[in-house]
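Novice: this is a predicted model, with the sequence first.
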Amino acid sequence: MGASDRVAEYFGFDEYDTDLRTETLAGVTTFLAMAYIIVVNPAILSGAILWNHETGEFQGEATINGTVYGEGEIIQMIAVVTILASIVAILVMAFYANRPFGLAPGMGLNAFFTFTVVVLLGVPWQLALAAVFVEGIVFIALTAVGARRYIIELFPEPVKFSVGAGIGVFLLFLGLQEIELVVPDDATLVTLGNVLQSPVAALSLAGLALTLLLYARGVRGSIIIGIVTTAVAGWGLTLAGAVSPGILTPEGSYDQVTNDGFLSMLGSVQYDFTPLFWGFVDGLGMIGDDPLVFALVVFTFFFVDFFDTAGTLIGVSQIGGFLDERGDLPEIEKPLMADAIGTTFGAMMGTSTVTTYIESSAGVEEGGRTGFTALVVGALFAFALFVVPLMQAVPQYATYLALVVVGIIMLQGVTDIDWQDPAWAITAGLTITIMPLTTSIANGLAAGIISYPLLKASMGEREDVSLGQWLLALAFIVYFVVYFSVEAGSVTF
């Protein structure tokens, strides 16, 4: 038996009607769709370390354990940690859960870490890492005893079957904004972008058209082809002088490439992230300074991550055909364990909460069905360790083409909803629309989970609502009270 046969047998290719080529292509697609986190996560989290609580300003350098580090060094440390935390979680997903989902430090949660916890509440970044670590430990414990699975299975059926479409609209909206086909407007909040005036919108529209046409023709790898072609075209137009540097290419990368070539971007990288680890250790010692605020931060991290991950797993699994007739994902505790372990180890290394990525739907749409897809994603993250600066040369708008395409595809989930039943229609409608309008999967779930028991009760069908579903709705109400109290700054450290 050859190596490829052993791989196929281990991951169950025959069971999922897939093959090595399909799984590899799916893994590459998912990685390209989520690789932006290697650049974006350090840009956001570095602010937590560079924030000076005394002056109330971001500094260009920070002292960690007596050593002064510049902004660039801190960003590179966090980039390395972002990759390592992702690899840890993905390996668990690949070998333990055998699911084709990619994981990395979550967007939104990293912004909450920096701007709400550290900047607004005044919590030291070291203590915030300790809070993420405790959250991860709690996740591991709850996952091991099956509590997370039990709670997720309490979700009302219309919520489960509408999550996929909600995430689809969410992805579509985010992608269209990033490629500047949807832009802010003072009167209507958003409006159509001017393709004739925006080079990003014009090139993205051409790349999107190419991708959709290839997909419609059934061309495997259409999403990858679209991303790579658009990125290469952006660099080509810039190098040819058709557009100014920094418009179709990432800021700062053009000068380095034109002066020294692409290989110059592979220079020295700050691989030593131990200062962040010792910062985390210091944070553990700060827990006793104000345990109430610490518990509040842990609770908020825990709640948002719990439901973001749950919504992502259900939504992406619906596209992959993994859900059973009740809308549940069999053995969901296994992929849940992946994000729990990734969060715990990520906090120790110096990054915020690790979660399953909605961009995994891009790889699932390409045919990824097993943990080998996740393994390919992890391998590419590992390769990215050696080319951290080069990752900054990939324009973000090119990667967001994947979100637009996948978002359109995920809308097919609306066919599973019974639109004739008022409880289903209202619950599903709220779940689908609140996600993109508040840019939060958890908020969409909350709208559906809170509304469902109220609707059923008003229709005289209280017997269809379990006690657990009422308690889940109540938990969301409590969460929002706490969350808005934090946002209002009524709690300080």
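Specialist: Everything's here; your move. Numbers count the residues shown, from 1 in each chain.
Novice: contacts, neighbours, all on C-alpha from now
Specialist: Noted.
Novice: which other residues reach stretch 133-143?
Specialist: Defining contact as CA atoms under 8 Å, 6 or more residues apart in numbering, one finds that stretch 133-143 is touched by 148-149, 298-299, 301-302, 333, 336-337, 340-348, 353.
Novice: repeat the analysis, applying 7 Å as the threshold.
Specialist: 148, 298, 301-302, 333, 336-337, 340-341, 343-344, 347-348 (CA atoms under 7 Å, 6 or more residues apart in numbering).
Novice: again, but for stretch 159-177
Specialist: Where contact means CA under 7 Å, 6+ apart, the residues beyond stretch 159-177 that reach it are 182-183, 311, 314-316, 318, 327, 400-401, 403-404, 406-408, 410-414, 416-417, 427-428, 431-433, 435-436, 439, 445, 448.
Novice: could you rerun that using 6 Å?
Specialist: Where contact means CA atoms under 6 Å, 6 or more residues apart in numbering, the residues beyond stretch 159-177 that reach it are 182, 315, 327, 400, 403-404, 407, 410-411, 413-414, 428, 432, 436, 448.
Novice: for the stretch 51-200 of the chain, just list every one of the strands.
Specialist: With DSSP state E, counting those that start in this stretch as the criterion, the stretch 51-200 of the chain has strands at 51-52, 57-58, 61-64, 67-70, 103-105, 182-185, 189-192.
Novice: any regions of the stretch 251-400 of the chain where pLDDT drops low?
Specialist: 252-270, 389-392 (pLDDT under 70).
Novice: kindly report the same for the stretch 101-250 of the chain.
Specialist: Across the stretch 101-250 of the chain, the ranges flagged by pLDDT under 70 are 108, 220.
Novice: all the helices of it, residue numbers only.
Specialist: With helices called from DSSP state H, counting those that start in this stretch, the stretch 101-250 of the chain shows them at 109-111, 125-144, 147-153, 157-178, 199-216, 222-239.
Novice: reformat these as JSON lines; add distance to residue 367 and mean neighbour count.
Specialist: Formatted as JSON lines, the helices of the stretch 101-250 of the chain follow (distance: least, CA to CA, whole Å; neighbours: other CA atoms under 10 Å):
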{"stretch": "helix 109-111", "distance to residue 367": "29", "mean neighbour count": "20"}
{"stretch": "helix 125-144", "distance to residue 367": "28", "mean neighbour count": "24"}
{"stretch": "helix 147-153", "distance to residue 367": "26", "mean neighbour count": "18"}
{"stretch": "helix 157-178", "distance to residue 367": "17", "mean neighbour count": "26"}
{"stretch": "helix 199-216", "distance to residue 367": "13", "mean neighbour count": "19"}
{"stretch": "helix 222-239", "distance to residue 367": "12", "mean neighbour count": "21"}
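Novice: okay if I get the ones you listed as JSON lines plus distance to residue 34?
Specialist: Putting the helices of the stretch 101-250 of the chain into JSON lines (distance: least, CA to CA, whole Å) gives the following:
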{"stretch": "helix 109-111", "distance to residue 34": "15"}
{"stretch": "helix 125-144", "distance to residue 34": "22"}
{"stretch": "helix 147-153", "distance to residue 34": "25"}
{"stretch": "helix 157-178", "distance to residue 34": "12"}
{"stretch": "helix 199-216", "distance to residue 34": "17"}
{"stretch": "helix 222-239", "distance to residue 34": "12"}
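Novice: tell me which of these sits nearest to residue 461.
Specialist: Closest of these to residue 461 is helix 157-178, at 14.9 Å (criterion: CA to CA).
Novice: just the C-alphas of that closest one, formatted as PDB.
Specialist: What follows is helix 157-178, C-alpha atoms only, in PDB (Å, rounded to 0.1, in the frame of the first residue of the first chain):
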ATOM      1  CA  GLU A 157     -34.300  24.000  14.400                       C
ATOM      2  CA  PRO A 158     -35.100  27.200  12.300                       C
ATOM      3  CA  VAL A 159     -31.900  28.700  13.800                       C
ATOM      4  CA  LYS A 160     -29.800  25.700  12.800                       C
ATOM      5  CA  PHE A 161     -31.100  25.600   9.300                       C
ATOM      6  CA  SER A 162     -30.800  29.400   8.700                       C
ATOM      7  CA  VAL A 163     -27.200  29.800  10.100                       C
ATOM      8  CA  GLY A 164     -25.700  28.800   6.700                       C
ATOM      9  CA  ALA A 165     -27.600  31.400   4.800                       C
ATOM     10  CA  GLY A 166     -27.000  34.000   7.500                       C
ATOM     11  CA  ILE A 167     -23.200  33.400   7.200                       C
ATOM     12  CA  GLY A 168     -23.500  33.500   3.500                       C
ATOM     13  CA  VAL A 169     -25.000  37.000   3.500                       C
ATOM     14  CA  PHE A 170     -22.400  38.000   6.100                       C
ATOM     15  CA  LEU A 171     -19.600  36.800   3.900                       C
ATOM     16  CA  LEU A 172     -21.100  38.400   0.900                       C
ATOM     17  CA  PHE A 173     -21.500  41.700   2.600                       C
ATOM     18  CA  LEU A 174     -17.900  41.700   4.000                       C
ATOM     19  CA  GLY A 175     -16.400  40.700   0.700                       C
ATOM     20  CA  LEU A 176     -18.300  43.300  -1.300                       C
ATOM     21  CA  GLN A 177     -17.100  46.000   1.100                       C
ATOM     22  CA  GLU A 178     -13.500  44.900   1.000                       C
END
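Novice: quick one on the thing from earlier: most tightly packed of the strands of the stretch 51-200 of the chain?
Specialist: strand 103-105 (a mean of 30; mean count of other CA atoms under 10 Å).
Novice: could you find the closest non-adjacent residue to residue 424?
Specialist: Nearest residue to residue 424 in three dimensions, chain neighbours excluded: residue 158, at 5.2 Å (CA to CA, 6 or more residues apart in numbering).
Novice: let me know the distance separating the one you found from residue 398.
Specialist: Distance from residue 158 to residue 398, counting by CA to CA, to the nearest Å: 34 Å.
Novice: quick check: residue 213 vs residue 219, distance?
Specialist: 9 Å.
Novice: go on, residue 154?
Specialist: Distance from residue 154 to residue 219, by CA to CA: 39 Å.
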